[in-house]
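Q: here you go, sequence then predicted model.
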Amino acid sequence: MEKFEKREAHPMAKYIGRLANFYGEKLEVVGYSRNELTGEPLLIVDASQTDGWPASELMPFDVVFKNCEKYYYVYTDNLIN
């Protein structure tokens, strides 16, 4: 039997499935960016119904839990309660 190392979830993972406001559009949070260079945590939303950027432009430090046609980055301030 194989043993798997138990790892703690990334703090941004708690936002997956929530909605965020992006210029008046309510978009689902489908991932997050682990890029510490941005200075602020970034969420990734499903922008398939808008003019987002394609999956081919995701960066190696981006973590996505749902494959979508297009994406946007948003801040945690954009979350809808």
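A: Noted; the coordinates are in hand.
Q: list the helices and strands the longest strand along the chain packs on?
A: Ranked by residue count and defined by DSSP state E, the top strand of the chain is strand 25-33. Here strand 25-33 touches strand 19-22, strand 42-46, strand 62-64, strand 70-75, going by 3 or more CB pairs under 8 Å, 6 or more residues apart in numbering; DSSP states H and E. All C-beta spots, glycine's among them, are computed from the backbone N, C-alpha and C.
Q: give me whichever of those strands is most buried.
A: Each of the helices and strands packed on strand 25-33 was scored by mean neighbour count; the highest is strand 42-46, a mean of 24, by mean count of other CB atoms under 10 Å.
Q: quick one: distance of the following helix or strand past that strand to the chain centre.
A: Later in the chain than strand 42-46, the nearest helix or strand by DSSP states H and E is strand 53-54. Strand 53-54 sits 13 Å away from the centroid of its parent chain (CA atoms, centre = their mean, to the nearest Å).
Q: parallel or antiparallel, list what pairs with strand 53-54.
A: strand 70-75 (antiparallel) (DSSP bridges).
Q: list the contacts of the longest strand of the chain.
A: Around strand 25-33, the neighbours that count as contacts under CB atoms under 8 Å, 6 or more residues apart in numbering are 10, 12-13, 15-21, 41-47, 49-50, 59, 61-66, 68, 71-74, 79-80.
Q: now the angle from that strand to strand 42-46?
A: Interaxial angle, strand 25-33 versus strand 42-46 (axes from the mean of the first three to the mean of the last three CA atoms, to 10 degrees): 130 degrees.
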